[in-house]
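**Q** Predicted model, plus sequence, below.
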Amino acid sequence: MSLLAGARRVLRPSALASTSRALATTVESSAPTPTSEPTSAPQPSTSSRLPPLPRTPPPSAHDDFVHVPLSGFYQKQAERMVVPLPASLFNVPSRPSLLHKIVTAYRSSLRAGTASTKNRAEVNYSGKKMRPQKGTGRARLGDRGSPMLKGGGRAFGPRAKGPDGWKRKINRKEEQLGLKVSLSDKWRSGNLAVVDKLALDLPKTRLLQEKLGARDWEDSLFVTTAAGLAEQGENERAAFALAAGNLPSVAVVDNVDDLTVWEILRRRKVVLDLDAVDQLIERVDPEGPWVDEMEEEMLLEAEAEAAALVQAEFEALPVEEQERQLQDMTTLLAAEEAAAPAEVKV
């Protein structure tokens, strides 16, 4: 049984059928028997109760993970390997209000402002006092740039606040929860994909566009790591970066620390490589032992897949060849047992 099949929890039809029969039996038994003499209305029995509805089976061990097929980047091949992802990161309930708060705070932090008015020190006038302080019978007056005069500097006018002027505070836990919610929404909508690596042979935008179009990834966010790109070689790294830079609907994030909720939500698809998944888990949940469990579960999946392939190849052979291979295997096992040292009993 696959991991996806083991993680599904459904109500069995047999349980539903037995419940329906029990309900029908209870209703028939509680119905009053017609008689010739008029009787009072039947009183409801306190002892008869409706049978309980079938409950959902308890969650299994696989409910801690959600599973995404491992996609191929070069061609649209059949996904045979499944990548387990922690449910605490990729299956979190939706929080639209939190996403709105994080996105508005992020976009406000990008503002610098264009309003700029000159004060009395910036206007192009002399700083000489216009008339004496006393003896004229008029009010006191300073230089020509006074805000009281026409054409003078503006007192307390609008000014550019700078990057920190529009900044809104977002708590670290809110930011981490926002990443979880946004990634979970992508997974629930089927817009989350995982690949083994991101690489391109030639820095051709048309070649990359054809590959993305074959997989419906035109409007996508690719998340990788600097280590993952370094393993692919400088040529493949530069080719993918150059080709993706010419596509306005494609964005590449080569550092998980730079991943934001705004970048995730503004793209329709999110494509992660395996290195990015590991670093993302370490960033959001550094204390959770998810990486070791994911590697163990992926190893079990790979072993099961290899065993299924070997079994299929063996069954496709003729009967004589199957018998010959079984005989050779039996002989080999017997030879290994004979060559093994005998156990010393104490």
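**A** Here it is on my side, so go on.
**Q** residue ranges with poor pLDDT in the stretch 151-300 of the chain?
**A** Low-confidence segments of the stretch 151-300 of the chain (pLDDT under 70): 163, 226-238, 286-299.
**Q** Strands along that one, start to end?
**A** 192-195, 220-223, 250-253, 269-273 (DSSP state E, counting those that start in this stretch).
**Q** Can I get those strands in a markdown table including mean neighbour count?
**A** Glycine gets a C-beta too; all of them are placed from N, C-alpha and C. Listed next are the strands of the stretch 151-300 of the chain as a markdown table, based on neighbours: other CB atoms under 10 Å:
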| stretch | mean neighbour count |
| --- | --- |
| strand 192-195 | 22 |
| strand 220-223 | 24 |
| strand 250-253 | 19 |
| strand 269-273 | 23 |
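**Q** okay, those in CSV with distance to Ser116 next?
**A** Formatted as CSV, these follow (distance: least, CB to CB, whole Å):
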stretch, distance to Ser116
strand 192-195, 44
strand 220-223, 35
strand 250-253, 32
strand 269-273, 39
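**Q** Could you point out which of these sits nearest Leu309?
**A** strand 192-195 (21.7 Å; CB to CB).
**Q** Export that closest one to CSV, keeping only CA atoms.
**A** Extracted in CSV, the C-alpha atoms of strand 192-195 (Å, rounded to 0.1, in the frame of the first residue of the first chain):
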residue,chain,number,x,y,z
LEU,A,192,3.2,22.9,-5.4
ALA,A,193,5.8,20.8,-7.1
VAL,A,194,9.1,19.3,-6.0
VAL,A,195,12.0,18.5,-8.4
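**Q** Direction included, what does it pair against?
**A** Strand partners for strand 192-195, identified by DSSP bridges, are recorded as strand 65-71 (parallel), strand 269-273 (parallel).
**Q** could you give the mean pLDDT of the helix or strand following the first one?
**A** If I follow you right, that is strand 65-71. Counting by DSSP states H and E, the next helix or strand C-terminal to strand 65-71 is strand 82-86. In this model, strand 82-86 has an average pLDDT of 87.
**Q** Pairing partners for strand 82-86, with directions?
**A** strand 65-71 (antiparallel).
**Q** Buried ones in the strand it pairs with, by neighbour count?
**A** Phe65, Val66, His67, Val68, Leu70, Ser71 (16 or more other CB atoms under 10 Å).
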